[in-house]
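*Asks:* structural data only, the sequence is not supplied:
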């Protein structure tokens, strides 16, 4: 039964196989040698023994092999010769594709090698150039060591450039005909003179440059005025193209603002503007005091002091012809939108390249933090930009901690004048700038970066000066050395406070922190005037204090009030809280109730911004009630 | 009782036989499935070759590919699917060949050009650094 059933089911299968093989035989002719197949085989063998083809055309080769196997199979199955030939030809062509793919790879490699070779040539040439320049620099230094030789070289150079010494400084006429009539495009003949000038500027970096454009008498005065300005700009641009650096061109808006303000001023306006220009034309910059007669003795003395401070030596009419800056005193009514009637100083630093027709540039600055939306700095700086009629903007810059190096490197490329830094970048930025101011180094943190004319980044910390100034705003006769200071907290703000107090001569600074070790670390780091006092003794530590400063977050919106009894604090002591939300913390409320003079954190916030604004925009701004109101409105 | 076990093997054998039979039938019989994949592959290869400049750099192979593709279309329309598939495969391989040749020629030209400009650069630098 078993066997029968198996056999009976097998039979139809065998029959089907038989039918199939009959069918195959039916449409095949007799097997024979196929020339196309032989050609394909030998082509494939050759290609597959070529290392380059095997490496770069793996897929193509395997497709060729596939077709070849099919041709073989068709051949051994005894199929029609045309079938075999089809697969053989296909295999042959696919082999050619593989070979050509190898050719592509070889050619592409040759191109890449040639490009690499080119880079190498250029690099070598640059290295040679740098080496030869280094050689030149060394030669120049050797030459400079002999002052006599240098002076002679200068003389010779000036003689070659046809420079004339005048009471305006050295006057160099670039050429009689540099422009076509009515045009402001430099002719090619100017190249040599400009190159010489650039070389001269490079060798005499202390020299500054003023460019004047002239026209002939053809045409109207007004069109010639415009044309001469455009020609001066053309020369300036040509010099910039040749690598002459324009130092702080961003200071121009300030000058222009003064000129504009002068126009609106009632009486002495035109003489003020003219005096400004003529002073610049004196050849080189120098710090000096100019003032309308209406200014009193006090204003003049103030200005003279400022000049001396900036120049670092006595100046004035007999001063060095290459001073560092230029000081202007003007009365309040010559500046728009100021409420105060105090005389003020407007300081213009020198420009290494200046044209009186230079277009005012747009100054960019901002604050980097993460998060940044809470920052009040954009409100403060943009308020001042508007108040002083400057062209510029101050932006909140959300920068994640990992992106800080890239962001700081980007400042220069983006043409930023600088930026502020807030949490969490203040400490990390120290390692990323080119130069750190001594105070900032002591504080161990930066809050301001100023991009220098050469593109390097200088870091500062104005938190301390902002703090001190906020004390002086409330109590102008305050001094750091009148008695012990109690500082609560030992974080970043505490460091700024401690450093600035120590710099101003505080004799005893008691630092109290809930984590005693942090207070002790501060005391160990700064030594003598700084002492760590246990948190438990906070009430007793107030006994003879002249100043109490809270740098903890206790009392801030959402935080519990500071646990402190003021009973022991002498009545004359100043009480300060760096918190500004709320403006009046429980600590300040209690102090006010006891009759103390109190200082809230808003003053510190506003005062730390002033030096930074001055560094970027060239104007030392005022803190007005309108600005305070604008900030308070955001709380 | 054991019947299912015995039925299983014969059924497989018969199915295999049927498959062999079917394969034998399609091997040399024209009607069947249209060579859609081969046509698509050929079309793509031609487009690719054209995009790398095969018409300019390898016109013989490229035109052969187009010709084969046109013939494949004619065959498929006449429902000669096997013939159509073969033309399509020829079109594909011709197009690939044209494309590779064109790429090789272009890459070689680039290499030659850079090498030549390197020589010029070298000469120029040698001239400059000479005092």
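*Replies:* Yes, it's here. Small disclaimer: the values here were computed from a predicted structure and weren't measured.

*Asks:* now do the contacts for the residue most central in space within chain B.
*Replies:* In chain B, the centroid-proximal residue (Cα atoms, centre = their mean) is residue B:92; its distance is 3.0 Å. Residue B:92 makes contact with B:38, B:41-42, B:45, B:65 under the criterion Cβ atoms under 8 Å, 6 or more residues apart in numbering or on different chains. (Each C-beta comes from the backbone N, C-alpha and C, glycine too.)

*Asks:* go again with 7 Å.
*Replies:* Contacts for residue B:92 were tallied using Cβ atoms under 7 Å, 6 or more residues apart in numbering or on different chains; they are B:41-42, B:45.

*Asks:* which SS class is it?
*Replies:* helix (DSSP: H, G, I helix; E, B strand; the rest coil).

*Asks:* and it, how far is that from residue A:548?
*Replies:* Residue B:92 sits at a distance of 88 Å from residue A:548 (criterion: Cβ to Cβ, to the nearest Å).

*Asks:* now do residue A:509
*Replies:* In terms of Cβ to Cβ, residue A:509 sits 12 Å off from residue A:548.

*Asks:* what's the following helix or strand after the helix or strand hosting residue A:540?
*Replies:* Element membership of residue A:540, judged by DSSP states H and E, is helix A:538-541. Downstream of helix A:538-541, the next assigned helix or strand under DSSP H and E is strand A:547-550.

*Asks:* re the thing from before, pLDDT wise, what is the residue nearest to the centre of chain B at?
*Replies:* In this model, residue B:92 is scored at 94, pLDDT.

*Asks:* how about it, nearest residue that isn't a chain neighbour?
*Replies:* Closest residue to residue B:92 apart from its sequence neighbours, by Cβ to Cβ, 6 or more residues apart in numbering or on different chains: residue B:42 at 4.1 Å.

*Asks:* tell me, how many neighbours does residue A:425 end up with?
*Replies:* 27 (other Cβ atoms under 10 Å in any protein chain shown).

*Asks:* my guess is it meets residue A:402, correct?
*Replies:* No: using Cβ atoms under 7 Å, residue A:425 is not in contact with residue A:402, being 11.2 Å away.

*Asks:* thinking again about what came up before, packing partners of the helix holding residue A:540?
*Replies:* In terms of contacts (3 or more Cβ pairs under 7 Å, 6 or more residues apart in numbering or on different chains; DSSP states H and E), helix A:538-541 is packed against strand A:509-513.

*Asks:* so what are the sheet partners of the strand it packs on and their directions?
*Replies:* strand A:485-488 (parallel), strand A:530-534 (parallel) (DSSP bridges).

*Asks:* following element in sequence after it, please.
*Replies:* helix A:516-526.

*Asks:* what comes up buried for that following helix?
*Replies:* Buried residues in helix A:516-526, counted by 16 or more other Cβ atoms under 10 Å in any protein chain shown: A:516, A:518-520, A:522-523, A:526.

*Asks:* what does stretch A:69-86 give?
*Replies:* Applying 16+ other Cβ under 10 Å to stretch A:69-86 flags A:70-72, A:74-75, A:79, A:81, A:83-86 as buried.

*Asks:* in strands, which of those residues fall?
*Replies:* Applying DSSP state E to these, no entry is found in strands.

*Asks:* take the residues you listed and write them to JSON lines, including pLDDT and distance to chain B.
*Replies:* Below are the buried residues of stretch A:69-86 laid out as JSON lines (pLDDT from 0 to 100; distance: Cβ to the nearest Cβ, whole Å):
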{"residue": "A:70", "pLDDT": "91", "distance to chain B": "11"}
{"residue": "A:71", "pLDDT": "91", "distance to chain B": "13"}
{"residue": "A:72", "pLDDT": "91", "distance to chain B": "16"}
{"residue": "A:74", "pLDDT": "90", "distance to chain B": "10"}
{"residue": "A:75", "pLDDT": "88", "distance to chain B": "14"}
{"residue": "A:79", "pLDDT": "81", "distance to chain B": "8"}
{"residue": "A:81", "pLDDT": "85", "distance to chain B": "13"}
{"residue": "A:83", "pLDDT": "87", "distance to chain B": "9"}
{"residue": "A:84", "pLDDT": "90", "distance to chain B": "13"}
{"residue": "A:85", "pLDDT": "89", "distance to chain B": "11"}
{"residue": "A:86", "pLDDT": "91", "distance to chain B": "6"}
